[in-house]
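J.: Build me a model:
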Amino acid sequence: MAPKIYITQDPVLEDVLASASSKLADLGWTVVPGPQITPGVPLRLSAEQRRTFLDGVDIIVASSRARISEEDLDASANLRALVFPSIGVDAVDLGACAERELIVANGATAENFLAMSEATVMMMLVLLYQLHRSERILRENQPRPAQMYARMLRGRTIGLIGLGRIGGGVVERLAGWDAKEILVYDPYLPADKAPANVRMVELDELLVGSDIVSLHVPLSDQTRGLIGEKELRAMKPDAIVINTSRGGLIDEEALVRVIQSGHLSGVGLDVTATEPLPADHPLRTLDRVILTPHILGHTVDLYSVMPDVLVGNATRIMRGEQPLYTRNPEVLDAWAKRLESLNG
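T.: From the prediction side, this is the model:
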């Protein structure tokens, strides 16, 4: 029987998912496209939709614009795995997957995480040098400022919250920039596993001591609202805050209040709690905030490899092999035993 795969719809990844769907169909797979997604509203399947879309599927393909419930995981007795085109897998509870011996594959290619690392360093520089302010001087024929405002990255203290692949890539790319110090808060990273050129600290010390604070953690119950008004006001008055990870990590209402009070010299957000950001959101009115629509690290290089990685993960799973990129490798042994029962 041909493998059956459900592929969620996602307007951000439309071309990627269409290409992967075509490749899988050419291989003889039965491809079930999911229902349309309303922008800004994470897709949650109803009971009727589960029966329509998930019955008998071997693999679920999801993205950050969907929410996979435990009922979804139980909708097909044939389910072997979940596959995400990108790195983030916060659309599903990994614990629930482990309980069901389901492997979770993602697209953790170098093009994926290193593009975000590069983009994060770019955001640091744009905010330090206030590029848009300099651009406006020329475009609006303003007089040359009497005092300069740009600041070098050299000699600054960089604080990274989370040191996974993207955060690690930021550390690598900052080598040679002569930062004063790189501070890292990551309660899941043992100190002896940290790069030699960083100093592991608690969150409070990082916030107080950093000139730039950059977030690189997934969104979970533990990290939602991690940076609130107290944390923002603990930062230096001229500190810069960057979030290229997930919306919801920063309390956006508090962020607006803090910026409006004159605290912080710049903020860069590639992600927001609601995407797309509502047209009337007060963040859009603040000069010191750079907003991008969750696209900062989405390069041509990345989109050219994503369909093949998705297909590669899916085909390896159906052969009973470990995916190219596995988010929960601790489940592999139990998963292999489960496959034996499915195939038996």
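
J.: quick one: contacts for the residue nearest to Val201 when sequence neighbours are not counted?
T.: Leaving aside its chain neighbours, Val201 sits nearest to Leu183 (5.0 Å; criterion: Cβ to Cβ, 6 or more residues apart in numbering). Any C-beta I mention is one placed from the backbone N, CA and C, and that applies to glycine too. Leu183 makes contacts with 157-160, 198-201, 205-206, 209-210, as judged by Cβ atoms under 8 Å, 6 or more residues apart in numbering.

J.: let's see it at 10 Å
T.: Shown here is Leu183, whose contacts under the criterion Cβ atoms under 10 Å, 6 or more residues apart in numbering are 157-161, 198-203, 205-210, 213.

J.: ditto for Ala96
T.: Listed by Cβ under 10 Å, 6+ apart, the contact partners of Ala96 are 68-70, 72-74, 102.

J.: So for the spatially most central residue of the chain, what pLDDT did the model give?
T.: For the chain, the residue nearest the mean C-alpha position is Ser245 (4.3 Å; Cα atoms, centre = their mean). Each residue has a pLDDT score; the one for Ser245 is 94.

J.: picking up where we left off before, so of the contacts of Leu183, which ones are in strands?
T.: Helix and strand membership here follows DSSP state E; of those, those in strands are 157-161, 199-200, 213.

J.: Quick check: the gap between Ile87 and Val104.
T.: Relative to Val104, Ile87 is positioned 11 Å away (criterion: Cβ to Cβ, to the nearest Å).

J.: any shared contact partners between these two?
T.: Listed as contacting both Ile87 and Val104 by Cβ under 10 Å, 6+ apart are 325, 327.

J.: show me where pLDDT drops low in the stretch 201-344 of the chain?
T.: Within the stretch 201-344 of the chain, the set of residues satisfying pLDDT under 70 comprises 344.

J.: can you give me the helices in it?
T.: Here the stretch 201-344 of the chain has its helices, by DSSP state H, counting those that start in this stretch, at 203-209, 229-234, 252-260, 300-318, 332-343.

J.: Next: the stretch 1-150 of the chain.
T.: Using DSSP H, counting those that start in this stretch, the helices of the stretch 1-150 of the chain run over 14-26, 47-53, 70-73, 94-99, 110-129, 131-139.

J.: buried subset of the contacts of Leu183?
T.: For those, a neighbour count by 16 or more other Cβ atoms under 10 Å gives the buried set as 157-161, 198, 200-201, 203, 206-207, 209-210, 213.

J.: of all the residues you listed, which comes closest to Val31?
T.: Proximity of those to Val31 was ranked by Cβ to Cβ; the top entry is Ile161 with 38.5 Å.

J.: Tell me how far the residue nearest to Phe84 when sequence neighbours are not counted lies from Glu205.
T.: Spatial nearest neighbour of Phe84, excluding adjacent residues (Cβ to Cβ, 6+ apart): Asn106 at 4.3 Å. Asn106 is 32 Å from Glu205, where distance means Cβ to Cβ.

J.: next one: Ile68
T.: Following Cβ to Cβ, the distance that separates Ile68 from Glu205 is 37 Å.

J.: still on that earlier bit, Serialize the buried ones among the contacts of Leu183 to a markdown table and add fields for distance to Thr38.
T.: Written out in a markdown table, the entries for the buried ones among the contacts of Leu183 read as follows (distance: Cβ to Cβ, whole Å):
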| residue | distance to Thr38 |
| --- | --- |
| Thr157 | 42 |
| Ile158 | 38 |
| Gly159 | 36 |
| Leu160 | 34 |
| Ile161 | 31 |
| Val198 | 41 |
| Met200 | 42 |
| Val201 | 41 |
| Leu203 | 35 |
| Leu206 | 37 |
| Leu207 | 36 |
| Gly209 | 42 |
| Ser210 | 38 |
| Val213 | 33 |
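
J.: hmm, back to that, quick one: which of the helices of the stretch 1-150 of the chain is nearest Gly312?
T.: Closest to Gly312 of those is helix 14-26 (Cβ to Cβ; 9.9 Å).

J.: tell me which strands and helices the closest one is in contact with?
T.: Using 3 or more Cβ pairs under 10 Å, 6 or more residues apart in numbering; DSSP states H and E as the contact criterion, the neighbours of helix 14-26 among helices and strands are strand 4-7, strand 30-33, strand 59-61, helix 300-318.

J.: partners of the third one in the sheet?
T.: This points to strand 59-61. Taking DSSP bridges as the criterion, strand 59-61 forms sheet pairs with strand 4-7 (parallel), strand 81-83 (parallel).

J.: circling back to that earlier point, which one of the helices of the stretch 201-344 of the chain lies nearest to Ile290?
T.: Closest approach to Ile290 among these is made by helix 252-260 (12.0 Å; Cβ to Cβ).

J.: Mind giving me the packing neighbours of the closest one?
T.: Using 3+ Cβ pairs under 10 Å, 6+ apart as the contact criterion, the elements in contact with helix 252-260 are helix 229-234, strand 240-243, strand 266-269, strand 289-291.

J.: List the buried residues for it?
T.: 252, 254-256, 258-259.

J.: That's all I had, so thanks and see you.
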